[in-house]
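Colleague: Build the 3D model from these lines:
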Amino acid sequence: MGPLLLLGLFVKVAVVAIPVVINLHVVLGLGYGFGAAGLVVAAWTIGCAIGGPLQGRVMDKRGVRPTLAAAVVFQLAFWGLAPTMSYGVLIVGSVGSGLLNVQGFSIVRLGVAVSLPETQRHAGFALDSITSNISYMVGPALGVLLATNISTSVSMRALGLVVAIAGTALAVLNPQVRDTTKSDTGDSVRLSFRERFGGMVFPVMAATMATTFVISGYEIAITGSLREAGQVQWVGFVMTVCGVCSLVGALVYGTLSRPPSAGVIALSLGLTTVPAGLTADWRWLCLAMIVPALLVSPAFAATAQAASVLGPAGQRGFVMGVYSAALTLGNSVGAPLSGAVLDNTSPFWAFTVIGLTGAALAGLALLSGRRLSRTRRPDPHQATTTADTPA
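Modeller: Okay, the predicted model is just below:
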């Protein structure tokens with residue numbers, strides 16, 4: 001697990017830096033506005049949402065190496081040529097970059113699901129969420145540092161180089177992502193999607209979208225709140241406090257013998273975000289964000305664990321690809337919605353709308369999961385048990 005988590009960290013650092021690097025290149029390098037930059041990032045996000053499940057299906061059938069080989073070659077070529085592309089070509093290339101993005105997040109989570117026994121799996125996902133937190137704290141900052149102090153071209157090519165090196169190392173490591181202890185019979189291939197994965201797909205993905213929806217939304221709301229208070233210089237400090245609290249939450253979650261379900265954590269994350277809108281000073285905002293920030297890593301770990309037990313053993317790559325798409329979808333909706341509310345009302349309503357909407361989505365996941373747990377019959381083709389359900 002050590003080498004897998006370490007290599008996964010390097011991939012994550014590069015991947016989470018992609019949106020900010022694209023933004024800065026379009027604005028500083030090409031001279032367009034932030035709206036045009038957002039369109040390129042949206043194109044990349046759409047590619048990721050489609051490419052995650054597709055690459056997951058390839059991993060199910062062929063394993064990690066063929067998937068990574070194609071992704072590494074494309075990423076190296078794209079990021080090497082991206083600084084020379086016109087705006088229109090960059091949009092098209094960004095879709096392709098998303099489609100063939102190196103699936104570091106999915107590969108690590110599949111490795112955790114396959115390599116660890118069920119009693120230790122939640123601790124493994126907690127460690128994975130810690131590396132994800134580190135990547136979100138380090139990746140964008142490094143991208144901004146290179147783009148603003150050297151050039152956006154250097155930052156784009158450096159990003160591609162890191163992705164290629166880390167992806168190649170992952171291919172050499174070739175982690176096991178298919179559970180060879182459980183057979184996927186020929187009969188299961190003819191099952192429908194609902195029979196194959198069960199009704200629990202919706203509760204898990206809804207809780208996942210609620211998590212990233214709230215997190216991406218409150219990050220924008222924090223920036224807007226401090227800007228309105230004339231304390232925008234404290235944004236970095238507040239974000240750092242949130243990151244540290246999230247790491248602490250991951251450590252605590254990993255030690256629990258019976259951790260809460262994904263739906264409960266996502267619901268709590270949404271509800272505890274709302275009170276942050278009542279503050280108008282960076283000190284009180286730090287205090288208000290302690291509880292929701294503590295829940296961030298546990299929410300990621302719980303949703304990843306819940307997704308890892310959906311479906312037959314031979315289909316988990318596809319499921320984790322859908323999970324990655326749910327993460328991307330929540331992230332792509334939460335931030336723009338929070339920004340729109342900020343532009344038209346106030347930080348109070350931004351925190352309120354983001355928190356309550358996320359809580360409503362998580363609550364829907366919780367209710368539907370419990371209803372399905374009570375009504376569905378044992379399925380001999382299903383690789384999971386009711387104990388594995390997320391809600």
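
Colleague: Now do the strand or helix carrying residue 305, average pLDDT.
Modeller: Secondary structure here is read from DSSP states H and E; on that basis residue 305 sits in helix 296-308. In this model, helix 296-308 carries a mean pLDDT of 85.

Colleague: chain center to that helix: distance?
Modeller: Between the mean C-alpha location of helix 296-308 and the chain-wide mean there is a distance of 10 Å, by CA atoms, centre = their mean, to the nearest Å.

Colleague: Report pLDDT for residue 278.
Modeller: Taken from the predicted model, the pLDDT recorded for residue 278 is 90.

Colleague: and the residue nearest to residue 295 when sequence neighbours are not counted, how many neighbours?
Modeller: Leaving out its chain neighbours, the residue that sits closest to residue 295 by CB to CB, 6 or more residues apart in numbering is residue 269, at 4.5 Å. C-beta: built from backbone N, CA, C; applies to glycine. Residue 269 sits with 28 neighbouring residues when counted by other CB atoms under 10 Å.

Colleague: In this structure residue 269 contacts residue 294, no?
Modeller: No: Residue 269 sits out of contact with residue 294 when judged by CB atoms under 8 Å, with a separation of 9.3 Å.

Colleague: where does the stretch 1-150 of the chain dip in pLDDT?
Modeller: Applying pLDDT under 70 to the stretch 1-150 of the chain flags residues 34-35.

Colleague: Do a quick rundown of the helices in it.
Modeller: Remark: helices assigned in the stretch 1-150 of the chain by DSSP state H, counting those that start in this stretch are 2-24, 34-62, 64-81, 87-99, 104-115, 118-149.

Colleague: tell me what the shortest one is packed against?
Modeller: What that stands for is helix 104-115. Using 3 or more CB pairs under 8 Å, 6 or more residues apart in numbering; DSSP states H and E as the contact definition, the elements that helix 104-115 packs against are helix 2-24, helix 34-62, helix 118-149, helix 152-173, helix 296-308, helix 316-344.

Colleague: Please identify the buried residues of the second one?
Modeller: Along helix 34-62, these residues count as buried under the neighbour rule (16 or more other CB atoms under 10 Å): 36-53, 55-60.

Colleague: So what does the residue nearest to residue 295 look like in phi/psi?
Modeller: With angles defined as degrees, to the nearest 10, residue 269 sits at phi -60, psi -50.

Colleague: What residues does it make contact with?
Modeller: By CB atoms under 8 Å, 6 or more residues apart in numbering, the residues touching residue 269 are 210, 211, 214, 215, 292, 295, 296, 299, 358, 359, 362.

Colleague: Can you convert those residues into CSV and add a column each for distance to residue 152 and neighbour count?
Modeller: Conversion of these to CSV gives the following (distance: CB to CB, whole Å; neighbours: other CB atoms under 10 Å):
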residue, distance to residue 152, neighbour count
210, 34, 32
211, 31, 30
214, 31, 33
215, 27, 27
292, 33, 27
295, 35, 28
296, 30, 28
299, 33, 32
358, 33, 29
359, 39, 21
362, 38, 31
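
Colleague: which residues touch residue 299?
Modeller: 207, 211, 262, 265, 266, 269.

Colleague: try 10 Å
Modeller: For residue 299, the residues meeting the contact criterion (CB atoms under 10 Å, 6 or more residues apart in numbering) are 129, 207-208, 210-212, 214-215, 246, 249, 253, 260, 262-270, 292, 362.

Colleague: Next: residue 27.
Modeller: Neighbours of residue 27 in contact, by CB under 10 Å, 6+ apart: 33, 34, 36, 37, 147, 152.

Colleague: possible to save those as TSV with distance to residue 80?
Modeller: Supplementary listing: the contacts of residue 27 in TSV, determined by distance: CB to CB, whole Å:
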residue	distance to residue 80
33	26
34	25
36	23
37	20
147	16
152	14
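
Colleague: from those, which is closest to residue 99?
Modeller: Within the contacts of residue 27, proximity to residue 99 (CB to CB) peaks at residue 37, which comes in at 20.0 Å.
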